[in-house]
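Student: Please find the sequence and the predicted model below.
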Number of protein chains: 2
Amino acid sequence: MDYLKIFSPATVANVSCGYDSLGFAVDAIGDEMTFTKSPNLGVEITNITGADLTYDVDKNAASAVVQKILLEANADFGVQLTIHKGFSPGSGLGSSAASAAGAAFGANQLLGNIYSELELTKFAMFGEEVACGSAIADNVAAAIYGGFVLIRSYEPLEIIKLPVPNELRLVAIHPQIEIKTKDAREVLPKEILLKDAVTQWANVGGLISGLHSNNYNLISNSLVDIIVEPYRKKLIPYFDEVKNAAIEAGALGAGISGSGPTIFALCKGDEIQKEVYNAIEKSYRDKGIDFELYASKVNPVGIKII
Amino acid sequence: MDYLKIFSPATVANVSCGYDSLGFAVDAIGDEMTFTKSPNLGVEITNITGADLTYDVDKNAASAVVQKILLEANADFGVQLTIHKGFSPGSGLGSSAASAAGAAFGANQLLGNIYSELELTKFAMFGEEVACGSAIADNVAAAIYGGFVLIRSYEPLEIIKLPVPNELRLVAIHPQIEIKTKDAREVLPKEILLKDAVTQWANVGGLISGLHSNNYNLISNSLVDIIVEPYRKKLIPYFDEVKNAAIEAGALGAGISGSGPTIFALCKGDEIQKEVYNAIEKSYRDKGIDFELYASKVNPVGIKII
């Protein structure tokens, strides 16, 4: 293969109770990237559209990953890269992860598909480190594996792909405000009550059991975050209004996507998804803050060649 | 039905990562109880064997539960009760839970099976309160539902029955020392690090996903408790020796059953179970502490009529 074009999805990490452990891939939002083999070794970014990102190959998450993977594989070719961002950086929908994961996937295709999904996740985590300063796995793993993923462990890295009930639908609203991941981390306490941790891990268990057993009621009951959301929601204007509107319209649950500001809601089926979409739109319409609103399936396969 | 005899199983609560949230029922250890309808209203304990427990119907966990359930159902009959304890109170294997859950189950049979498993769990929790001072659900729910259970929530009470991979086997050693549940609670910190909680809930997620998907490797990797075990193991002589012996012999994992002192190990298949049994026996043989050693399947059905 000398050329390919891919779609690399946006991702929702944390997913209420699953802070730093859970993520899922989005179907309707993502980046498009092209990879072209070149006789000149190394990586070159030939075009970036849709967002104002650096062309510096050491600092751009995508090119940094391609560079690392080519070096590791001792490739006898270089890669020319184009990136079309389909959604905004800083949204909390895994923008750098989509670039980094897509880069790992694309470079691996040009190499003849020599790396496993777990290895690609590790390469993509390097891209997260370049972009955000920390090698977090939840977004990149969700993009690479597709569907829901559990980061069972970092040392060693273990990613568990979870089943996706097929009526699961997403609505996400991205208020056009900026939250830095660093600020979102600093607002969290270092210590939490043991009894709250028990409540949270019972919900993590319930959510994962619900995904395995197509139990939407259990998924709904488990989509609760008593640890992180109470702190982070203060950074997101009108969070409670959006969440309440979504749940009143029939959403299974709603929470903060990644470190925000995007708020996600999960729903069962297309009809409820529409009602939740409308309810969220209405709840934010007159707030004086611009926003983007998305409706999507959960993406069961992750990155794909288009 | 005017008479029945039941087997009410021992149970392992907490199950490493799942402190206060997970439990499972044991096949080879449990109590036997009989229930006989009587024209005289109220409850009478006619015989207790196998342990030195009170005949005071308000203070005995079993009779207190029968009393409550008869009252609630407005029963026009009384019950005579016999209890044969098949394992020691204070073992950490849910002795009071076996009595309380068995009592709820038996009384419900005499009433014509009018209560759901969830309702029986609530009645049995009252027995736990009588016996231990707190209405904990993990042991009684495991006895009533059978297999593995997740206490997803207390308010409202929500119990999730989880699948049991059919080669899962248990070895449990009960060193004949006493640990009071109260002491086992007091040794725990009130607060824990958020990052440790994340590690723990990723393991809870992994364990539950492993049970759903028959993934013994994932179950093994997830049977880790970094929160509670480091504190409680100090109350159990030679805990590390037993755990290491079990794991070296091929156990999937090992930990503290309930609040101890029983140490449980889970294994895949009969052969490894035998090796783990022998390894644990050897590790405790010359320590100068009497012990009982058990090998069992996981009990998929819970309490049963015999």
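Tutor: Looks like it came in fine. Residues are numbered from 1 along each chain as shown, chains lettered A, B, ... in the order given.

Student: Next to chain B in this structure, residues from chain A, please.
Tutor: A:17-22, A:150-153, A:158, A:160, A:162, A:188-194, A:197-209, A:212-213, A:218, A:221-222, A:227 (C-beta under 8 Å from any C-beta of the partner chain). C-betas here are computed from N, CA, C, even on glycine.

Student: how does it look with 6 Å?
Tutor: A:20-21, A:150, A:152, A:160, A:191-194, A:197-198, A:200-202, A:204-206, A:208-209, A:212 (C-beta under 6 Å from any C-beta of the partner chain).

Student: Quick check: phi and psi at residue A:182.
Tutor: phi -60, psi -50 (degrees, to the nearest 10).

Student: Skipping adjacent residues, who's closest to it in space?
Tutor: residue A:133 (7.7 Å; C-beta to C-beta, 6 or more residues apart in numbering or on different chains).

Student: swap in residue A:228?
Tutor: Counting by C-beta to C-beta, 6+ apart, residue A:19 is the residue found nearest to residue A:228 once chain neighbours are left out, at 4.7 Å.

Student: burial of the one you found, as a residue count?
Tutor: 26 (other C-beta atoms under 10 Å in any protein chain shown).

Student: what do you get for residue A:191?
Tutor: 14.

Student: can you map out the helices along chain A?
Tutor: A:61-72, A:95-110, A:117-132, A:138-145, A:181-186, A:194-213, A:216-222, A:229-232, A:239-248, A:270-284 (DSSP state H).

Student: pLDDT of stretch A:66-86, averaged?
Tutor: Mean per-residue pLDDT for stretch A:66-86: 97.

Student: picking that back up, pipe the helices of chain A into a markdown table and attach mean neighbour count per row.
Tutor: Shown next, in a markdown table, are the helices of chain A (neighbours: other C-beta atoms under 10 Å in any protein chain shown):
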| stretch | mean neighbour count |
| --- | --- |
| helix A:61-72 | 24 |
| helix A:95-110 | 29 |
| helix A:117-132 | 22 |
| helix A:138-145 | 32 |
| helix A:181-186 | 14 |
| helix A:194-213 | 24 |
| helix A:216-222 | 20 |
| helix A:229-232 | 18 |
| helix A:239-248 | 19 |
| helix A:270-284 | 18 |
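
Student: and residue B:64, which of those helices is closest to it?
Tutor: Of all the helices of chain A, helix A:194-213 sits nearest to residue B:64, with 26.4 Å by C-beta to C-beta.

Student: got the angle for the top strand by length along chain A vs helix A:138-145?
Tutor: Counting residues, the longest strand found in chain A (DSSP state E) is strand A:22-38. For strand A:22-38 against helix A:138-145, the angle by axes from the mean of the first three to the mean of the last three C-alpha atoms, to 10 degrees is 60 degrees.

Student: For strand A:22-38, C-alpha coordinates in PDB please.
Tutor: Once non-C-alpha atoms are left out, strand A:22-38 reads as follows in PDB (Å, rounded to 0.1, in the frame of the first residue of the first chain):
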ATOM      1  CA  LEU A  22     -13.300   4.200  30.100                       C
ATOM      2  CA  GLY A  23     -13.800   5.600  26.700                       C
ATOM      3  CA  PHE A  24     -15.800   5.100  23.500                       C
ATOM      4  CA  ALA A  25     -15.500   6.000  19.900                       C
ATOM      5  CA  VAL A  26     -17.900   8.400  18.100                       C
ATOM      6  CA  ASP A  27     -19.300   7.600  14.600                       C
ATOM      7  CA  ALA A  28     -20.300  11.000  13.200                       C
ATOM      8  CA  ILE A  29     -17.300  13.200  14.300                       C
ATOM      9  CA  GLY A  30     -13.700  12.800  13.400                       C
ATOM     10  CA  ASP A  31     -10.700  13.700  11.400                       C
ATOM     11  CA  GLU A  32      -9.700  12.700   7.900                       C
ATOM     12  CA  MET A  33      -6.100  12.000   7.200                       C
ATOM     13  CA  THR A  34      -4.100  10.800   4.200                       C
ATOM     14  CA  PHE A  35      -0.800   9.000   4.200                       C
ATOM     15  CA  THR A  36       1.400   8.800   1.100                       C
ATOM     16  CA  LYS A  37       4.600   6.800   0.900                       C
ATOM     17  CA  SER A  38       7.600   8.900  -0.100                       C
END
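
Student: Could you give me the buried positions within that strand?
Tutor: Of all the residues in strand A:22-38, those buried under the rule 16 or more other C-beta atoms under 10 Å in any protein chain shown are A:22-27, A:29-36, A:38.

Student: Out of the residues you listed, flag the one nearest to chain B.
Tutor: Distance to chain B across those (C-beta to the nearest C-beta) is lowest for residue A:22, with 7.3 Å.

Student: Just list whatever residues bridge to that closest one.
Tutor: Going by DSSP bridges, residue A:22 is paired in beta bridges with residue A:150.

Student: who's in contact with the closest residue to residue A:223 other than its chain neighbours?
Tutor: Nearest residue to residue A:223, sequence neighbours excluded (C-beta to C-beta, 6+ apart): residue A:253, at 2.6 Å. Residue A:253 makes contacts with A:16, A:220, A:223, A:266, as judged by C-beta atoms under 6 Å, 6 or more residues apart in numbering or on different chains.

Student: Nearest to residue B:288 among those?
Tutor: Of all these, residue B:288 sits closest to residue A:16, with 50.2 Å by C-beta to C-beta.

Student: correct me, but the closest one touches residue A:227?
Tutor: No. Applying C-beta atoms under 6 Å as the test, residue A:16 and residue A:227 come out as separate, 9.9 Å apart.

Student: which regions of the stretch 151-300 of chain A lie under the pLDDT threshold?
Tutor: By pLDDT under 70, the stretch 151-300 of chain A has no low-scoring segment.

Student: Good, wrapping up.
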